[in-house]
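In: quick one, fold the following:
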Amino acid sequence: MIAEAAISDGSGRFTISQIELGEPNADEVLVELKASGICHTDWDSLSWGHSVVMGHEGAGIVRQVGAHVTHVQPGDHCILNWAIPCHECFACQEGNTNICEQNSPVAGKEPHLGHAHAEATMLDGSPITRSFHLGTLSQATIVKAAAVVPLPKEVPFSSACLIGCGVMTGYGSVVHAAKLKPGSSAVVLGTGGVGLNVIQAARIAGAAEVIAIDVQESRLRMAEEFGATKTILASREDAGLLKAAEEVEQLCGGRRADYAFECTGIPSLGAAPLAMIRNACVAVQVSGIEETIEIDMNLFEWDKIYMNPLYGKANPERDFPKLIKLYQQGRLELDKLVTRKYSLDGLGDALDDMLKGRNAKGVVVF
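Out: Alright, predicted model coming up:
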């Protein structure tokens, strides 16, 4: 099978090229992609040092299944999951499928490593890996069966694909990692695609106050649409957002918030959520900062908890159906997240709009 795909050269550029897909193995599924969300990680993949099929937020139609696959059949709609469990390792047996010792990035393997068999995807006669096991910026992909979660046919692909990373990460960070309690207060630092999903997850979980902090007024207006009850326009000169933290204290009636979530991806703000919370409360570093940073240990005083969960502690087999149901009930906004749709040829515009903060989420549709 021949498919058009976005191929990173590993040095900051990408092309739209033809790839060739083989036959799925017994534990694999061939999926025709219909939509792929655009995420900052897709931008990062341009500089991973080698060629890769881009994209990791995808939804589409099952076209072919391997002999051992029983939970989906050709013609089924599906969402793809990049944290693929093996169900056999220690982490999976402990219920931590998001940090599977065989397949997760925390297993010491590169997060962009391809996961289907080598001949599953070929570019110019040679195997090429797929971003985060998926490579969703492609007309089709071959993935492990454990990456495929059934999707009701009435849910639009362009909305469903966002569940695969940004929505799941935001929701899981609130519900599974922080275990936010109803009636509590939460601060969200950065209101990009993940931050907006943290905001609406906090709303769904019953937070009484959700305070959004950003440096762009347009992003704060988006935050209010997704459930922020108060907003703070921060200054780029506010080191560690310490002045913003003082505003949080005023808004929370003299004590700081119960929970804070860092969603900026800016290393210098890695410790900022600790400044936003009162004693004995929880700060969550959602954005996945993977750099050395300095932290003033005074920010931990007293009894504060700082968490760095992967993928919001997700178990997609369990969580994707819950998120779909919340969407069907009108409690989880997915359609509204899609600010603009693009063709695959418009990927450059999609990345530019994301980097300049124009969209809640951009989606490439096939």
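
In: specify the residue ranges that define each domain of this protein.
Out: Each domain of the chain is listed here as a residue range: 2-156+334-365, 167-310, per automatic domain parsing.

In: where does the residue lying closest to G37 once chain neighbours are set aside land on pLDDT?
Out: What sits nearest to G37 in space, not counting adjacent residues and going by Cβ to Cβ, 6 or more residues apart in numbering, is E57, at 3.3 Å. For every residue, glycine as well, the C-beta is placed using N, CA and C. According to the predicted model, the pLDDT of E57 comes to 97.

In: and for E57, the neighbour number?
Out: Counted by other Cβ atoms under 10 Å, the residues lying close to E57 total 31.

In: my guess is C89 meets E101, correct?
Out: Yes - with contact defined as Cβ atoms under 8 Å, C89 and E101 form a contacting pair (3.9 Å).

In: remind me which residues of this structure are low pLDDT?
Out: Low-confidence regions of the chain, defined by pLDDT under 70, span residues 105-118.

In: where do the helices sit along it?
Out: When secondary structure is read from DSSP state H, the chain shows helices at 40-44, 90-93, 157-160, 166-172, 193-205, 217-225, 242-251, 272-276, 316-328, 347-355.

In: may I have stretch 154-172 as CSV, with CA atoms only?
Out: These are the backbone C-alpha positions of stretch 154-172, laid out as CSV (Å, rounded to 0.1, in the frame of the first residue of the first chain):
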residue,chain,number,x,y,z
GLU,A,154,-20.9,9.0,15.4
VAL,A,155,-17.8,10.8,16.9
PRO,A,156,-16.0,13.0,14.4
PHE,A,157,-12.5,11.9,13.6
SER,A,158,-11.2,15.5,13.9
SER,A,159,-12.4,15.7,17.5
ALA,A,160,-11.6,12.1,18.5
CYS,A,161,-7.9,12.3,17.4
LEU,A,162,-7.2,14.8,20.1
ILE,A,163,-8.0,12.3,22.8
GLY,A,164,-4.9,10.4,21.8
CYS,A,165,-2.5,12.8,23.5
GLY,A,166,-3.4,16.3,24.5
VAL,A,167,-6.9,15.6,26.0
MET,A,168,-5.7,12.4,27.7
THR,A,169,-2.6,14.1,29.2
GLY,A,170,-4.6,17.0,30.5
TYR,A,171,-7.5,15.0,31.9
GLY,A,172,-5.3,12.3,33.4
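
In: now the domains of the chain in CSV, with distance to L323?
Out: Output for the domains of the chain, formatted as CSV (distance: least, Cβ to Cβ, whole Å):
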stretch, distance to L323
domain 2-156+334-365, 8
domain 167-310, 6
